[in-house]
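Novice: what shape does this take:
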Amino acid sequence: MMSDHYPRVRLYSVLGGERHSLYIRESVSITFYMRRSHQEIIQQVMRCLEVYLRAIGPQVLGWYVDPYSGDWEELDDKGWAFLRREMFDEPIAQVWLREFAGATTGYEVLYHGRLLEKNVTSALSFILPTEYLEAHGPGRVRELALELAAELPFSSGHGGLCFNFPESVVGTTGAIRDMSFRYPGLDIPGVHFDSLSIGTRVKGVHWLNFLGQPVLGALGGAAGLRERLRAPDTTVQELDGERAVVTLGEWPEAGDLEQGRTLPDYRELAHVLEPWLYMDRGNWSGFSDEDVRRWERRFLD
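Specialist: The predicted structure follows:
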């Protein structure tokens, strides 16, 4: 089954020869990178979490990873109290919230609150299932992304389609290699590792592209960026704080190279942003070094 905009991705883990739990699916990611230390942005991060919970419902997220044991724990009142103490009391924070501990349903929050070092950023990512996109429409998802962006001092950020899988599980990416080349609009997220080295660069091209300083300034601001983009369905909206969001069409699109859907508007923006694109991804299981570079440059070559 496939919508007009993206494929339906449902890959299950197998135990004892039998299909077990859903571990890779297509979802929507709204992610921001901030050149700020954890304690500088904790209030904004907590407000963003409240915004997300209002959008999806307060009971949807049910589990969190204990940062000390690495085990999944129930996100009840006690769990929330523990997380809040950790967030406010510690100089760094690592948070992973999910609807279910053992299955990838498309509802997740990932946060890496870091100490500010060279090219290290704090990163915050909210995941939604495509069912949410279909039920509420792309306009509502874009509004949610803008509401989150308004809270955060981001250098860059993005919203759009992605392969949703547990980043910490070794060997997962090999299963999506072929699909990742067929559907260039499906991002392969890696918030943990990207946040260690992205700095103020831009992580690829997506449906929603949030640009802050210094990149937007180097492009001549929103007006200068707008002059360079010709695709009829591309819009550039100025945001507070000398920032902007570039939206590529009404819906997020996966494209499909087998059907000749090459996403020319995504390619146009990629060529404009090329000097500032983040191209330092590490190796993924199932991908050769050449594969990784080819995937990073999928909208450029």
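Novice: mind checking how far the biggest helix by length in the chain is from the chain centre?
Specialist: Secondary structure of the chain per DSSP state H: the longest helix is helix 38-56. Taking CA atoms, centre = their mean, to the nearest Å, one finds helix 38-56 lying 16 Å from the centre of the chain it belongs to.
Novice: now for it, which elements pack on it?
Specialist: Helix 38-56 sits against helix 77-89, strand 103-113, strand 122-129, helix 138-151, with contacts defined as 3 or more CB pairs under 8 Å, 6 or more residues apart in numbering; DSSP states H and E. C-beta coordinates here come from the backbone N, C-alpha and C atoms, glycine included.
Novice: if you set the cut-off to 10 Å instead, what comes out?
Specialist: strand 18-34, helix 77-89, strand 93-100, strand 103-113, strand 122-129, helix 130-136, helix 138-151 (3 or more CB pairs under 10 Å, 6 or more residues apart in numbering; DSSP states H and E).
Novice: which parts of the last one are buried?
Specialist: Along helix 138-151, the positions that meet the burial threshold by neighbour count (16 or more other CB atoms under 10 Å) are Pro138, Val141, Arg142, Leu144, Ala145, Leu146, Glu147, Leu148, Ala149, Glu151.
Novice: redo these as TSV? Include distance to Glu238 and pLDDT.
Specialist: What follows is the buried residues of helix 138-151, written out as TSV (distance: CB to CB, whole Å; pLDDT from 0 to 100):
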residue	distance to Glu238	pLDDT
Pro138	21	98
Val141	20	98
Arg142	15	98
Leu144	19	98
Ala145	16	98
Leu146	12	98
Glu147	16	98
Leu148	17	98
Ala149	12	98
Glu151	17	96
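Novice: check the residues you listed and tell me the two furthest apart.
Specialist: Greatest spacing in the buried residues of helix 138-151, by CB to CB: Pro138 and Glu151 (21.0 Å).
Novice: low-scoring pLDDT stretches of this structure, where are they?
Specialist: Applying pLDDT under 70 to the chain flags the ranges 1-2, 16-17, 170.
Novice: 50 instead, please
Specialist: 1 (pLDDT under 50).
Novice: what's the burial count for Glu18?
Specialist: 8 (other CB atoms under 10 Å).
Novice: who's in contact with it?
Specialist: By CB atoms under 10 Å, 6 or more residues apart in numbering, Glu18 lies in contact with Tyr12.
Novice: tally up the residues packed near the residue lying closest to Val28 once chain neighbours are set aside, please.
Specialist: Counting by CB to CB, 6 or more residues apart in numbering, the nearest residue to Val28 once its immediate chain neighbours are dropped is Leu128, at 4.5 Å. A count of neighbours around Leu128, defined by other CB under 10 Å, yields 23.
Novice: and if you look at His206?
Specialist: His206: 26 neighbours (other CB under 10 Å).
Novice: I figured Pro252 hits Pro138, correct?
Specialist: Yes. Assessed by CB atoms under 10 Å, Pro252 is found in contact with Pro138 at 6.8 Å.
Novice: which neighbours do those two share?
Specialist: His5, Val28, Gly159, Trp207, Leu208.
Novice: what helix or strand is the first one located in?
Specialist: So that's His5. For His5, there is no enclosing helix or strand under DSSP states H and E.
Novice: can you count the residues close to it?
Specialist: 19.
Novice: next one: the fourth one
Specialist: Neighbour count of Trp207, defined by other CB under 10 Å: 26.
Novice: quick check: it touching Glu253?
Specialist: Yes. At 7.1 Å, Trp207 counts as touching Glu253 under the criterion of CB under 10 Å.
Novice: joint contacts of the two?
Specialist: Contacts common to Trp207 and Glu253, judged by CB under 10 Å, 6+ apart, are His5, Gly160, Leu161, Gly185, Asp265, Tyr266.
Novice: narrow the residues you listed to those in strands?
Specialist: Within the shared contacts of Trp207 and Glu253, residues falling in strands by DSSP state E are Gly160, Leu161.
Novice: of the shared contacts of Trp207 and Glu253, just say which sits nearest to Gln44.
Specialist: For these, the nearest to Gln44 is Gly160 (22.1 Å; CB to CB).
Novice: quick one: contacts for that closest one?
Specialist: 6, 28-31, 141, 145, 185-187, 204-209, 248, 251-254, 266.
Novice: mind redoing it with 8 Å?
Specialist: Applying CB atoms under 8 Å, 6 or more residues apart in numbering to Gly160 gives the contacts Val28, Ser29, Gly185, Asp187, His206, Trp207, Leu208, Pro252.
Novice: same check on Arg298?
Specialist: Phe181, Pro184.
Novice: what separates Arg177 from Met34, distance-wise?
Specialist: Counting by CB to CB, to the nearest Å, the gap from Arg177 to Met34 is 31 Å.
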